[in-house]
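Task: produce atomic coordinates for the following.
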Amino acid sequence: MPADAMPLVMEVMTREVFAVAPDTSLETAARLLTERRVSGAPVIDAQHRVVGVISLSDLADPDRTPSEDPGYPVFYRVTDGWTDELGDYAWSRPGCVRDLMTAAVISVPADATVVEAANRMLQLGVHRLLVVHGERLSGVVSTVDLLRAFARLHGGDG
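Residues are numbered from 1 along each chain as shown. Next up is the predicted model:
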């Protein structure tokens, strides 16, 4: 198949992405993640630039400090997006999202092909990537999004 016939990430990504601001309180972040039943969210600044991610695992770990390198947070590693193991600690934790967020942004350009996105996921061992146009958040692409695209390419319903 010619490279120009390969679907682009921008064609298969989820465009409506829940995100939080760096100055969102940790209590509010915990409540919002719980209400939306998601494992984490991108953190975007006032110019819609991605500056990090916050996850349930960040919020639920009472020993987590900003100086730790937790590896890739649960936001990137899980596919279903939810766990019931948030714990009471997150609800009363002081501080704001910027205090605990992971600054590592694992992303793919919106104009990358689905094959390029799949290869990046495989290389990093993650199940979702933030989709960016420049530094701005455009969406999220998951392994499920890519599987749908590949199924359509091969005559499936996708």
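
shaky segments in the protein?
For the chain, the stretches with pLDDT under 70 are 1-4, 61-93, 156-158.

those helices in it, which residues are they?
Ranges of helices within the chain are 9-12, 26-36, 56-60, 74-77, 89-92, 97-100, 114-124, 143-153, based on DSSP state H.

so which of those helices gets nearest Q47?
Nearest to Q47 among these is helix 97-100 (15.2 Å), distances taken as Cβ to Cβ. Bear in mind the C-beta positions are built from the backbone N, C-alpha and C, glycine included.

contact partners of the closest one?
20-26, 29, 43, 51-52, 54, 58-59, 64, 66 (Cβ atoms under 8 Å, 6 or more residues apart in numbering).

May I have that helix exported as PDB, CA atoms only?
Output in PDB follows, covering the C-alpha atoms of helix 97-100 (Å, rounded to 0.1, in the frame of the first residue of the first chain):
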ATOM      1  CA  VAL A  97      -1.600  19.200  39.600                       C
ATOM      2  CA  ARG A  98       1.700  20.800  38.700                       C
ATOM      3  CA  ASP A  99       3.100  19.400  42.000                       C
ATOM      4  CA  LEU A 100       2.600  15.800  41.000                       C
END
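
chain center to it, what's the gap?
Using Cα atoms, centre = their mean, to the nearest Å, the mean C-alpha position of helix 97-100 is found 16 Å from that of the whole chain.

do stretch 18-25 as well
13 Å.

and it, how far apart are its ends?
Distance between the two ends of stretch 18-25: 16 Å, counting by Cα to Cα, to the nearest Å.
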